[in-house]
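*Asks:* Requesting a structural model of the entry that follows:
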Amino acid sequence: MYRIRKLFLMTQKLCQNQGLIRVFGIYIRCAHLILFFLMILFVSTKIPYIVDNTFAFQFDHGKDSLAVLEMIVSRTPSLIGPWTSIPGLFFGPGWYYLLLPGYILSAGNPAAAVVTMVILVVIQIYIAYKYFGLIEATMVATVPTFFMVSQSAWNPHPMTLISFVILAILKTLETQPKLTPKKSIILGFTSSLGFHFSTAFAIFYLPFIIISFFLKRVKVNFKQFLILFAAFFSGFIPQIIFEMRHDFIETRAIIKYFSSGSMSINFIEKIKDVFLISFGEYKLAAFPEIVGSSKLISTIVICFSLTVIVIGLIEIIKKRRSMYLYQDLIMWIFLPLIGLSFLHYNLWYVLGAAPAVLLLVAQLVRSSPKPARIMILMLFVLTPLSKIVYYYQHDRALLLENPNLLAVKLDVIGYVEDKIGDRNFSSYQYVPDIYDYSYQYLYFWKAYNGKSLPIEFSYQPNETSYVKEKNALLSVLPVRKGAPEMIFYIVEQPNSNANLLSNWWNHQASSEIVNEKTFGSEVTVYDAVSIKY
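*Replies:* Below is the predicted model:
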């Protein structure tokens, strides 16, 4: 009887455990399904912009694309990336290498850069889910900031991924405060990668990591510190090689910048502006936004979101709930604003702090009452959905005619190709930025895929020096020979100073305009024949 009773109890316990295992398994599968839904939601709301080519393709996009295309055709790795706001100082080449696979696979299609950014945000959704929670993942998939960074490809945009990786590793150190060689390498190398995308915020990564070690009382020995710093400096190897080859041009640029005195005379006014502008950007990483709604509804959404956050904070204080990384997050959100108040400031410099804002708000949302939590999560999900509805109802027709986006530029190039056929031609482009990197790239992209280049294409005749990649690309890609039978003048209307356009016309070759065609309300293509021809 004793053995039978023991066997019965063991069977009962096993059945109970199996039931718990089944319930736990269902929960895990549901969580994975929600994660999959968030990824699909995010990707599907970006597809219309990619299919319609209604994403930005301007000065920086064209310039970066030219650099990547040169790497492809010349098979020569770049040692530096785009230039910074400090003359003579460059970002690292990481941005170019990040774009490279997509450009190779798509034969240079500019949309590959946007697809790359979409993939990076999908990775961030996964990181947020794995290391922080479903609320965090939901916010990454829906808040306006991450919608924005995936709508165009620009070198500061990967900073959110860099920050998420660092914060995820720091969070693991809260429960296991021991620095391993693997974590040292990830923290060091990832923080150095920030200098390839946005130097202004990247300068804070390593100090924040070291401060975090002290706050968490992480066990760090000399060997781990050595690994950390070795991994950090390894990210600068391309720039170091460039410096040695070019007489330390960047080092001298940094010394000149700081010795000239860049601090604002009215520091109080400067720090006020920095905080106000930055908190406007922080709001996009923290609150839902119903696009196309009335001012009243938008106000209600903001007030409700603030209420949920305040209630969550009260609950945390009242019930003494713990928050992960709260000291780190506060440091990441506020200290860069003070530091950047001493230096040159642009609003995209604080993009690296957006994940910290999101993680802090997500914890406050999690601590709020369940009904409020469900309602605000529904508003987050409605944010990208409302964006797409508004896109088809209102934005799409306008964006298809916006000269800052790729769609219009492709229509213009397509018109020129249809008009000229196999004849020789030249093309001159006026854009408000003066340098026509976007059109330069589109002509080279077409040539890379089998089309012949114009006899000359520039912002004015006999001017090629501003496109440093041009000679290398012209030596490889097919160029038309002979004199141009037609000249095309592609003109985007100036945003302000009309004298610039007038001066541009004065520098063009002698020709007779025989036809003109407008694209939208801001782009005109003038067909002309050379008087000398």
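*Asks:* Check whether the residue lying closest to residue 447 once chain neighbours are set aside sits in a helix, strand or coil.
*Replies:* Among residues not flanking residue 447 along the chain, residue 477 sits closest, at 4.1 Å (CB to CB, 6 or more residues apart in numbering). Every residue, glycine included, has its C-beta placed from N, CA and C. State at residue 477, reduced to three classes by DSSP: H, G, I helix; E, B strand; the rest coil: coil.
*Asks:* so residue 477 touches residue 72, yeah?
*Replies:* No. Residue 477 is beyond contact range of residue 72, at 11.1 Å (criterion: CB atoms under 8 Å).
*Asks:* Of these two, give the one with the bigger neighbour count.
*Replies:* The residue with more neighbours, out of residue 477 and residue 72, is residue 477; 20 against 16, by other CB atoms under 10 Å.
*Asks:* got the contact list for the more buried one?
*Replies:* Each residue near residue 477 by CB atoms under 8 Å, 6 or more residues apart in numbering is listed here: 73, 444, 447-448, 453.
*Asks:* if we go to 10 Å?
*Replies:* 69, 73, 443-453 (CB atoms under 10 Å, 6 or more residues apart in numbering).
*Asks:* Which one of those is nearest to residue 223?
*Replies:* For those, the minimum distance to residue 223 (CB to CB) is 43.3 Å, reached by residue 69.
*Asks:* any idea which element the closest one lies in?
*Replies:* Counting by DSSP states H and E, the element that carries residue 69 is helix 59-74.
*Asks:* Counting by contacts, list what the helix or strand following that helix packs against.
*Replies:* Sequence order places helix 94-105 as the next helix or strand after helix 59-74, per DSSP H and E. Contacts defined by 3 or more CB pairs under 10 Å, 6 or more residues apart in numbering; DSSP states H and E place helix 94-105 against helix 59-74, helix 111-131, helix 181-193.
*Asks:* For helix 94-105, the averaged confidence score.
*Replies:* Mean pLDDT, helix 94-105: 96.
*Asks:* rewinding a little: any chance of the helices and strands packed on helix 94-105 in TSV with distance to residue 293 as columns?
*Replies:* As requested, the helices and strands packed on helix 94-105 are arranged in TSV below (distance: least, CB to CB, whole Å):
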stretch	distance to residue 293
helix 59-74	31
helix 111-131	24
helix 181-193	38
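*Asks:* Using CSV, please lay out the ones you listed together with distance to residue 467 and mean pLDDT.
*Replies:* Putting the helices and strands packed on helix 94-105 into CSV (distance: least, CB to CB, whole Å; pLDDT from 0 to 100) gives the following:
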stretch, distance to residue 467, mean pLDDT
helix 59-74, 6, 94
helix 111-131, 18, 97
helix 181-193, 27, 96
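*Asks:* Can you list the low-confidence ranges for this protein?
*Replies:* 1-31, 260-266, 496, 532-533 (pLDDT under 70).
*Asks:* which SS class is the residue most central in space within the chain?
*Replies:* Closest residue to the average C-alpha location of the chain: residue 157 at 2.0 Å, with CA atoms, centre = their mean. Here residue 157 is recorded as coil under three-state DSSP.
*Asks:* can I see the domain layout of this protein?
*Replies:* As given by automatic domain parsing, the domain ranges for the chain are 77-393, 406-530.
*Asks:* for the residue nearest to the centre of the chain, what are its contacts?
*Replies:* 95, 98, 113, 116-117, 120-121, 146, 148-151, 197-198, 348, 351.
*Asks:* Among the residues you listed, which one lies nearest to residue 232?
*Replies:* Using CB to CB, residue 197 is the member of these that lies nearest residue 232, at 15.3 Å.
*Asks:* so what's that closest one up against?
*Replies:* With contact taken as CB under 10 Å, 6+ apart, residue 197 is in contact with 81-82, 91-92, 94-95, 98, 154-162, 351-352.
*Asks:* Distance check, it against residue 176.
*Replies:* Here the criterion is CB to CB, to the nearest Å. By it, residue 197 lies 29 Å from residue 176.
*Asks:* Please apply the same query to residue 425.
*Replies:* With CB to CB as the criterion, residue 425 and residue 176 are 66 Å apart.
*Asks:* quick one: which of those two has more around it?
*Replies:* residue 425 (23 against 12).
*Asks:* shouldn't that one be in contact with residue 484?
*Replies:* Yes. Judged on CB atoms under 10 Å, residue 425 makes contact with residue 484 at a distance of 5.1 Å.
*Asks:* overlap in contacts of the two?
*Replies:* Common neighbours of residue 425 and residue 484 (CB under 10 Å, 6+ apart) are 454-456, 528, 530.
*Asks:* Which members of those occur in strands, if any?
*Replies:* 528, 530 (DSSP state E).
*Asks:* wait, which of the shared contacts of residue 425 and residue 484 is closest to residue 409?
*Replies:* Closest approach between the shared contacts of residue 425 and residue 484 and residue 409, by CB to CB: residue 454, at 15.2 Å.
*Asks:* That closest one: neighbour count?
*Replies:* 23.
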